[in-house]
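Student: here are the coordinates; sequence isn't available:
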């Protein structure tokens, strides 16, 4: 669980740093390109992640067996479902990123404060730091129904063979659609603030 969490951390976090571009004004040139601003940031994010997967994550995965850690999924079926769940995790993660960036712009929050808050919430509620099964007072069960769980806990639990895959993947799909719809409405509503934000 910990190894795969580290190997695919950037994929599951989905941080495009869009709000920083609005804060320093560097986003202005992106409005001149024939592509939505968020799509540009998401494309740049995916390119960076692909490079780091090749140069860090895959070598770590290959070397882990030399350190006495079995990197294989619980079963071949779990491996296939993990890949599908990982794609859904990106769908959910980018939806969360799009929504949080919209909130940062709507409230005109400084990116430093916003990023620290976002990182703390995401790390705990996603299950990337600590599996939900180890959380006290039944908190893990509550957190498993939140959208953040779709980013890390769901694919990781599927990988180690300790999940009800169909139910959790259906939750991922549900939250992904809901987040994208809400984020789209939020950005539409705050277009004028976006123009003023960052000069």
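Tutor: Ah, there it is. Since this is a predicted model, take the numbers as computed values, not measurements.
Student: low-confidence ranges in this structure?
Tutor: Along the chain, segments meeting pLDDT under 70 span 193-199.
Student: Next, the buried residues of stretch 103-116.
Tutor: 103-105, 109, 111, 114-115 (16 or more other Cβ atoms under 10 Å). The C-beta positions use only the backbone N, C-alpha and C, and glycine is treated the same way.
Student: Please report the separation between the first and final residues of that stretch.
Tutor: Taking Cα to Cα, to the nearest Å as the measure, stretch 103-116 stretches 14 Å from start to finish.
Student: List just the nearest of the buried residues of stretch 103-116 to residue 64.
Tutor: In terms of Cβ to Cβ, no member of the buried residues of stretch 103-116 lies closer to residue 64 than residue 115, at 29.8 Å.
Student: Residue 156 against residue 6, yeah?
Tutor: No. If you go by Cβ atoms under 8 Å, residue 156 and residue 6 don't touch, sitting 10.6 Å apart.
Student: which one of these two has more residues nearby?
Tutor: More crowded of residue 156 and residue 6, by other Cβ atoms under 10 Å: residue 156, with 28 against 15.
Student: Show me the contact partners of the helix or strand harbouring the more buried one.
Tutor: If you go by DSSP states H and E, residue 156 is part of helix 153-159. Residues outside helix 153-159 that contact it (Cβ atoms under 8 Å, 6 or more residues apart in numbering) are 1, 4-5, 8, 12, 73-74, 78-79, 81-82, 85-86, 88-89, 126-128, 131-132, 143-144, 163, 165, 168-169, 171-172.
Student: Run a quick neighbour tally on residue 85.
Tutor: As a burial measure, residue 85 scores 23 neighbours (other Cβ under 10 Å).
Student: Then residue 137?
Tutor: When neighbours are counted by other Cβ under 10 Å, residue 137 registers 7.
Student: so how far is residue 60 from the residue in the chain sticking out farthest from the centre?
Tutor: The centre of the chain is farthest from one residue, residue 66, which by Cα atoms, centre = their mean lies 29.3 Å away. The spacing between residue 66 and residue 60, counted by Cβ to Cβ, to the nearest Å, is 11 Å.
Student: Tell me the buried residues in the helix or strand hosting residue 176?
Tutor: Assigned by DSSP H and E, residue 176 belongs to helix 165-189. By 16+ other Cβ under 10 Å, the buried positions in helix 165-189 come out as 165, 168-169, 171-172, 175-176, 179-180, 183, 186-187.
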